[in-house]
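A.B. asks: Need the 3D shape of this:
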Amino acid sequence: MLSENIKKGVERAPNRSLLFALGLTEEEMSRPLVGIVSSWNEVVPGHMHLDKIAEAVKTGVLAAGGTPIIFPAIAVCDGIAMGHVGMKYSLVTRDLIADSTEAMAIAHQFDGLVMIPNCDKNVPGLLMAAARVNVPTIFVSGGPMLAGHLKDGRRTCLSHMFEAVGAYHAGKLDEKGVLDYEENACPSCGSCSGMYTANSMNCLTEAIGMALRGNGTIPAPYSARIRLAKHAGMQIMELIRKNIRPRDIMTAEAFQNAETVDMALGCSTNTMLHLPAIAHEAGVEISLDHANEISAATPNLCHLAPAGDTFMEDLDRAGGVYAVMKELTKKNLLHTNLMTCTGKTVAENLEGVRNLDETLIRPIDNPYSATGGIKVLKGNLAPDGCVVKQSAVAPEMMHHQGPARVFDSEDDAIAAIYAQKITAGDVIIIRYEGPKGGPGMREMLNPTSAICGMGLGSSVALITDGRFSGATRGASIGHVSPEAASGGNIALVQEGDQIKIDIPEGRIELLVSDEELAKRRATWVCPEPRVKTGYLARYARLVSSADKGAILN
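C.D. replies: The predicted structure follows:
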């Protein structure tokens, strides 16, 4: 056991003295030490209940003969951080979480780890740490929030809340109507109730084999979530006994499974940042081109919010992630001989699983579309690629051409949208918001929600080197690479330039000649960095481009 490095032999008497200081008994020290990485805090709704999850995990570890020891991980609420400087600190926490968890796990020589994440960067950050540390590890998340209900009985969620602000600025909703959403959109603890980034990543922990069945979908307030946590605590002891480690589970084929389930579920575009970053830590390289290959072969089976009007609790009732995976096996779209954290293969896990609601999880022969929920576009505007959630794009926007409306920050763009200076047909360009230029690659939920809330979702496109919340819908194209701050062609776009978007063909073009672009490049000067001190400045110096997962070099 790794923990023998801190508790065996006379030489380790000083180490043991500090374990005694914790109140541990000799009996507890003789057992495997299990680190429980709890992301509990009192500022993130998705994390406010994780203390209860952690206590349930401890119960499971104790029941199975281990010694549980809790230590913390940070988490940011993207919704609270949205629309101001705080959003610059969202993506960057992914690497802080991975680094700090690595440090704690190795410094204290835990024999196994139970990761308790829930929200957007917390899940991938802990998956990155799991791959890095590579001791037996299992995930049990906090689970999704329940859908809200407006006073008239309509179901609602956070994406509706953001769009309500746009509707207010368009004169379509009064303050009383906004208040109705404000008080009812987020009715419980948990990660926000649609197929946003947090729930996308929690679902993919099942698909990749690092979490037990139901981890992505069992609602946060349900007692079944506590039982799941107890079972995860028990199962980590089995993984320790069998020495099944994250890199035994997170293989190249497992990442292919995760991307396939991603496409079938219609997950957030942020998965195109996180999966490559997690894979990199596991010694696996995946590219955006690979994502398009998988998307082309994978039918889209689910339209949860923001693509549709159903929510995570509905997916759970329909059979959850395993029911989606079962549909995919009917066309042999998954690798089913892979080891998972259950100690069984994917095929064994899916035995007896049924799709309990074919209106929510479409059968494989009757999908929403023949291709996956995410599409990677390339062209002279994004030579290295950009990403769109095509399952949430209005049909009339799958092909679009219009004049560029150019903004060098999200703040300038949102002011123009609210001032009703954007008209049908426009293509909004928001640049210098990438990983390096932001720095921190802010999510653009405010402008995209404003566009949809003002009734322009089927006539206006938005293109950015920043990124989008999983709650975004519409022709919202992000992760443009190379980004503006690195001299990408998005930096050369001028007001009124024609932009052509062809989502089915995977093309995005700035309709300006190579000669003209060369002239513009000759006079282009990169703006001064927006942040010159602190963590963000260090991050900007180290971060790679979005097409590489915004990993730190």
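A.B. asks: okay, CA-based contacts and neighbour counts for the rest of this
C.D. replies: Noted.
A.B. asks: for the stretch 301-450 of the chain, what spans make up the strands?
C.D. replies: 375-379, 382-388, 399-407, 427-430 (DSSP state E, counting those that start in this stretch).
A.B. asks: I'd like these laid out as JSON lines, including mean pLDDT and mean neighbour count.
C.D. replies: Converted to JSON lines, the strands of the stretch 301-450 of the chain look like this (pLDDT from 0 to 100; neighbours: other CA atoms under 10 Å):
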{"stretch": "strand 375-379", "mean pLDDT": "97", "mean neighbour count": "26"}
{"stretch": "strand 382-388", "mean pLDDT": "97", "mean neighbour count": "25"}
{"stretch": "strand 399-407", "mean pLDDT": "98", "mean neighbour count": "20"}
{"stretch": "strand 427-430", "mean pLDDT": "98", "mean neighbour count": "27"}
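A.B. asks: Could I get those in CSV, plus columns for distance to Ile106?
C.D. replies: Listed next are the strands of the stretch 301-450 of the chain as CSV, based on distance: least, CA to CA, whole Å:
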stretch, distance to Ile106
strand 375-379, 37
strand 382-388, 36
strand 399-407, 45
strand 427-430, 41
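A.B. asks: beta partners of the residue nearest to Pro72 when sequence neighbours are not counted?
C.D. replies: Distance criterion CA to CA, 6 or more residues apart in numbering; nearest residue to Pro72, sequence neighbours excluded, is Ser38 at 4.9 Å. Note on Ser38: beta-bridge partners by DSSP bridges are Pro72, Ile116.
A.B. asks: Ser38: how many residues sit nearby?
C.D. replies: By the measure other CA atoms under 10 Å, the count of residues near Ser38 is 23.
A.B. asks: so how far is Ala75 from it?
C.D. replies: 10 Å (CA to CA, to the nearest Å).
A.B. asks: what do you get for Val123?
C.D. replies: 9 Å.
A.B. asks: Equivalent analysis for Leu228, please.
C.D. replies: On the measure of CA to CA, Leu228 and Ala75 end up 22 Å apart.
A.B. asks: Neighbour count for those two, which is higher?
C.D. replies: Between Leu228 and Ala75, counting by other CA under 10 Å, Ala75 is the more crowded of the two (26 against 23).
A.B. asks: give me phi/psi at the closest residue to Pro187 other than its chain neighbours?
C.D. replies: Computed as CA to CA, 6+ apart, the closest residue to Pro187 that is not its neighbour in sequence is Gly148, at 5.5 Å. Dihedral pair for Gly148: phi -90, psi 170, per degrees, to the nearest 10.
A.B. asks: so who does His206 touch?
C.D. replies: Residue 206: Glu, not His. Residues near Glu206 by CA atoms under 8 Å, 6 or more residues apart in numbering: 212-216, 321-322.
A.B. asks: can I get these in TSV with secondary structure, pLDDT and neighbour count?
C.D. replies: Converted to TSV, the contacts of Glu206 look like this (DSSP: H, G, I helix; E, B strand; the rest coil; pLDDT from 0 to 100; neighbours: other CA atoms under 10 Å):
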residue	secondary structure	pLDDT	neighbour count
Leu212	coil	98	22
Arg213	coil	98	22
Gly214	coil	98	22
Asn215	coil	98	29
Gly216	coil	98	30
Val321	helix	98	26
Tyr322	helix	98	25
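A.B. asks: Closest one to Gly372 out of the residues you listed, please.
C.D. replies: For the contacts of Glu206, the closest approach to Gly372 (CA to CA) belongs to Val321, at 15.5 Å.
A.B. asks: right, and that closest one touches Gly214 too?
C.D. replies: Yes - applying CA atoms under 8 Å as the test, Val321 and Gly214 come out as touching, 7.2 Å apart.
A.B. asks: What's the separation between the residue nearest to Pro72 and Ile70?
C.D. replies: Counting by CA to CA, the separation of Ser38 from Ile70 is 7 Å.
A.B. asks: Quickly list what's touching both of those two.
C.D. replies: With CA under 8 Å, 6+ apart, Ser38 and Ile70 have common neighbours Ala54.
A.B. asks: can you pull the contacts of Pro482?
C.D. replies: 382-384, 465, 488-489, 545-546.
A.B. asks: Including distance to Glu528, could the residues you listed go into a markdown table?
C.D. replies: Conversion of the contacts of Pro482 to a markdown table gives the following (distance: CA to CA, whole Å):
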| residue | distance to Glu528 |
| --- | --- |
| Ala382 | 23 |
| Pro383 | 24 |
| Asp384 | 24 |
| Asp465 | 17 |
| Gly488 | 16 |
| Asn489 | 18 |
| Ser545 | 18 |
| Ala546 | 20 |
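A.B. asks: quick one on the thing from earlier: to Glu175, which of the strands of the stretch 301-450 of the chain lies closest?
C.D. replies: When the strands of the stretch 301-450 of the chain are compared by CA to CA, strand 427-430 sits nearest Glu175, at 27.5 Å.
A.B. asks: Parallel or antiparallel, which strands does that closest one pair with?
C.D. replies: Using DSSP bridges, the strands paired with strand 427-430 are strand 399-407 (parallel), strand 461-464 (parallel).
A.B. asks: export those strands to JSON lines and tack on distance to Leu22?
C.D. replies: Below are the strands paired with strand 427-430 laid out as JSON lines (distance: least, CA to CA, whole Å):
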{"stretch": "strand 399-407", "distance to Leu22": "55"}
{"stretch": "strand 461-464", "distance to Leu22": "50"}
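A.B. asks: Among those strands, which comes closest to Ala305?
C.D. replies: Across those, closest to Ala305 is strand 461-464 (CA to CA), at 19.5 Å.
A.B. asks: List of residues touching the closest one?
C.D. replies: 397, 425-431, 433-434, 448, 474-480.
A.B. asks: do stretch 337-351 as well
C.D. replies: Applying CA under 8 Å, 6+ apart, the contact partners of stretch 337-351 are 137-138, 208-212, 235, 238-239, 244, 248-249, 253-254, 322, 325-326, 335-336.
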